[in-house]
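**Student:** 3D, please:
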Amino acid sequence: MKNIFLLFLLLLSHSAFCQDITVYLDEGNELISKNKFSNAENTFRKGLKEAPENPILKSQLALTLINQNKNDEAEKVLGEILVNQPEFIAALWYGGINNFTKSKPDLRKAIYYFEKAYHLLDPNSPQYFAVNYYIGRSYRKLLYLEGLTYQEVDRMLETYKKYVELQSNAEDSIDAKSFIKKVEEKRPGKNVGKWIITTQQNIEEIINKTTK
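**Tutor:** Sure thing, here's the model as predicted:
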């Protein structure tokens with residue numbers, strides 16, 4: 001899924017700008033495509049000295065920070081954008097990516113960002129199948145970590161099925177289909193507050209938490 005970063009980057013590179021930032025954007029995006037994230041960060045920061053509030057430069061700066069595991073810095077930059085432009089789609093997208101991929105993921109925050117972006121995405125774009133993947137996958141992880149409500153399971157199935165429909169030949173499609181089938185067969189009724197799928201690992205984690 002990491003190539004989705006660049007897919008969104010390419011969409012941004014053809015946007016219309018109020019200020020002449022194309023030199024910085026093109027140079028920074030080229031550096032990102034070569035995985036030179038520190039150099040790209042410097043380039044976008046130079047551009048922001050000329051256009052301090054430009055949301056596209058800020059979004060791409062956040063992307064470079066995400067790729068350097070500077071997740072807290074990235075979150076701050078994205079927050080600055082969203083305060084003024086709550087539906088700026090690149091910032092929402094990178095907010096989801098940031099929280100999904102960091103070393104200690106905040107999956108519920110990732111879902112929050114991706115759901116905010118969901119209805120802003122073109123259903124024919126690569127980001128649309130990806131957003132369904134990220135939401136479904138985030139809920140799947142939460143099902144094993146802390147459990148899901150009946151409504152959350154519904155949303156997980158909805159998005160995971162959409163991902164499989166749109167990416168039927170993906171490497172993980174067999175696993176995703178198997179998981180969906182398992183959930184549909186095993187899920188408890190609406191009367192159950194939260195459903196968690198227990199494994200040996202999360203049983204041990206629960207025991208450790210209760211004994212501390």
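
**Student:** contacting residues for residue 115?
**Tutor:** The contact partners of residue 115, by CB atoms under 8 Å, 6 or more residues apart in numbering, come to residue 135. Placement of C-beta: from N, CA and C, glycine included.

**Student:** quick one: it and residue 92, what's the gap?
**Tutor:** Distance from residue 115 to residue 92, counting by CB to CB, to the nearest Å: 9 Å.

**Student:** does residue 83 sit in a helix or strand, and which one?
**Tutor:** Taking DSSP states H and E as the definition, residue 83 sits inside helix 71-84.

**Student:** Who are the contact partners of residue 163?
**Tutor:** Counted by CB under 8 Å, 6+ apart, residue 163 has contacts 129, 132-133, 136, 170, 176.

**Student:** swap in residue 174?
**Tutor:** Here residue 174 is in contact with no residue (CB under 8 Å, 6+ apart).

**Student:** Export only the CA atoms of the host helix or strand of it, formatted as PDB.
**Tutor:** Element membership for residue 174 (DSSP H and E) is helix 173-186. The C-alpha trace of helix 173-186 is given here as PDB (Å, rounded to 0.1, in the frame of the first residue of the first chain):
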ATOM      1  CA  SER A 173      -7.700 -11.100  -1.600                       C
ATOM      2  CA  ILE A 174      -7.900 -14.800  -0.600                       C
ATOM      3  CA  ASP A 175      -7.000 -14.000   3.000                       C
ATOM      4  CA  ALA A 176      -9.500 -11.100   3.000                       C
ATOM      5  CA  LYS A 177     -12.300 -13.400   1.700                       C
ATOM      6  CA  SER A 178     -11.500 -16.100   4.200                       C
ATOM      7  CA  PHE A 179     -11.600 -13.500   7.000                       C
ATOM      8  CA  ILE A 180     -14.900 -12.100   5.800                       C
ATOM      9  CA  LYS A 181     -16.400 -15.600   5.700                       C
ATOM     10  CA  LYS A 182     -15.200 -16.300   9.200                       C
ATOM     11  CA  VAL A 183     -16.600 -13.100  10.600                       C
ATOM     12  CA  GLU A 184     -20.000 -13.700   9.000                       C
ATOM     13  CA  GLU A 185     -20.200 -17.200  10.400                       C
ATOM     14  CA  LYS A 186     -19.000 -16.500  13.900                       C
END
